[in-house]
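J.: next comes the sequence, and after it the predicted model I'd like to discuss.
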Amino acid sequence: MIGLTEARARVLADCRPAPAAFTPLADALGLVLAEDVEAAEAVPPFPSSAMDGYAVIAADVAGASADRPARLAVVGTLAAGAAPATGVRPGEALRIMTGAPWPPGADAVAIVETTRSVPGARGLVEVLAPAAPGDHIRPAGEDLATGQPVFAAGTLLGPGHLGVLASVGLTGVRAHPAPTVGVLSTGDELVEGGGGLAPGRIRDSNRPTLLALLRRDGFRPVDLGIARDVEDDIRRRINEGTARCDAVLTSGGVSMGEFDFVKKVLDQLGAMNWMQVAIRPAKPFAFGLLAGTPVFGLPGNPVSSMVSYELLARPGLRRLAGHPDSRLVRPATRAVADAALTRHGDERTTYLRVVAEPGPDGRLRVRSAGGQGSNLLWPMALANALAVLPPGPGVPAGGEVDVLLLG
Ligand code: AMP
Ligand code: MG
């Protein structure tokens, strides 16, 4: 057996980021930026009003109040999108809207809430409060100055990032494409979809699960179907997968059973790395490059395939997607065990399926999500975290435990 860190290092040694390509912003959500971006323009590009009101000269409204309003002549109206207007001179006010370009001469906004019209005098406004020079004026470049670094290579592009890139006039950026990942189920017992089950058959749950995990994580899933426990079928589908995809996940057929042909076929196809990883569940694991394409042989038990994906495949796929090393693995969080968390007395690090929720004191608390057998998918689905129990006595009620928050 080898430790998880060693197994993961073997995976990562063979996973390299996909070459970057120019990507339109509309397609870049969730991708990893492959270049440093600087602001080619200032944002905002010109000084403007931050409020609806009147552009005034602060000195004209000094000491203004409801009892002693400052009366000014309204010389026009400036909307957002207008070209900068005539200036404002002493005794004048220019009606101005949020986002309108700042007029010369004025140095403050008297916000509309502190003004009133003068009955019978349409060209006048009364300002009821003082304004300090600079009040409610947005300077040019307040968000980003021209030439300023904006985002570094390695940045994960979220909605706000795409907005910022658009704000500096970019229509696309160089980003690492999301890898396409094939998913192949293996097993003579597996059937797809509804309908009656013939004796000895079960429904394929790993494939929908793994396809969904890939989609959740921003990869592009490709359904490679179910291979029968026949060498030719397994070989044909794996070859199809490595030809079509940037990586392939298989489930089942990697343990010690008589019909575990995935192991045999992967061995024939290339140098696979067979591992017994010191974790529970998901001890058996295979990994290797077939024609340069990473192939992950996940165990067949439904919980094992999900945990193996989380701990071994996902970090490798994130590397393909261009994530920096600091972001390949989910960080652990400390939580308090509601009840004792028990484990087998072996040397494997145990990943318990747990529900994590904040307790009354705001600290994260965890409780078992149910049965912990590697075949019990329901508790895995109910869980939102894995509690990490290293070899040892487990965790008593009220004790602290590391958890990986999934999702
Ligand atoms: P294997 O590793 O192929 O021996 O499979 C281990 C266990 O997982 C067996 O009970 C299989 O029936 C089950 N299993 C394998 N593949 C799937 C799948 N795609 N969906 C649900 N159960 C599976
Ligand atoms: Mg099988």
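T.: Received, thanks. Ligands and ions are numbered 1, 2, ... in the order given.
J.: quick check: most distant residue from the centroid of this protein.
T.: Gly120 (58.7 Å; Cα atoms, centre = their mean).
J.: any idea how far it lies from Arg95?
T.: Computed with Cβ to Cβ, to the nearest Å, the distance linking Gly120 and Arg95 is 18 Å. C-beta coordinates here come from the backbone N, C-alpha and C atoms, glycine included.
J.: ok, now Ala385?
T.: The gap separating Ala385 from Arg95 is 56 Å, by Cβ to Cβ.
J.: out of the two, which sits in the more crowded spot?
T.: Ala385 (25 against 18; other Cβ atoms under 10 Å).
J.: beta partners for that one?
T.: Val354, Leu405 (DSSP bridges).
J.: dump the C-alpha coordinates for whichever strand or helix holds Ala59 into PDB.
T.: Ala59 belongs to helix 58-61 when assigned by DSSP states H and E. Extracted in PDB, the C-alpha atoms of helix 58-61 (Å, rounded to 0.1, in the frame of the first residue of the first chain):
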ATOM      1  CA  ALA A  58     -19.300  73.800  -3.300                       C
ATOM      2  CA  ALA A  59     -18.500  77.400  -2.400                       C
ATOM      3  CA  ASP A  60     -22.000  78.400  -3.600                       C
ATOM      4  CA  VAL A  61     -23.800  76.000  -1.200                       C
END
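J.: that helix - contacts with which helices or strands?
T.: strand 70-78, strand 108-111 (3 or more Cβ pairs under 8 Å, 6 or more residues apart in numbering; DSSP states H and E).
J.: from the chain's centre, how far out does that helix sit?
T.: 49 Å (Cα atoms, centre = their mean, to the nearest Å).
J.: equivalent analysis for stretch 318-337, please.
T.: 11 Å.
J.: and that stretch, average pLDDT?
T.: Averaging pLDDT along stretch 318-337 gives 98.
J.: so that it lines up with my notes, have the first residue be 22 from now on.
T.: All right, first residue 22 from here; so that's stretch 339-358.
J.: end-to-end on that stretch?
T.: Start-to-end span of stretch 339-358 (Cα to Cα, to the nearest Å) is 30 Å.
J.: my read: Thr201 touches Arg241, true?
T.: Yes. Using Cβ atoms under 8 Å, Thr201 is in contact with Arg241, at 4.4 Å.
J.: more neighbours: which of these two?
T.: Ranked by neighbour count (other Cβ under 10 Å), Thr201 and Arg241 place Thr201 first, with 18 against 14.
J.: what residues sit buried inside stretch 214-225?
T.: Asp225 (16 or more other Cβ atoms under 10 Å).
J.: same question for stretch 170-181.
T.: Result for stretch 170-181 [16+ other Cβ under 10 Å]: buried residues Val171, Phe172, Ala174, Gly175, Thr176, Leu177, Leu178.
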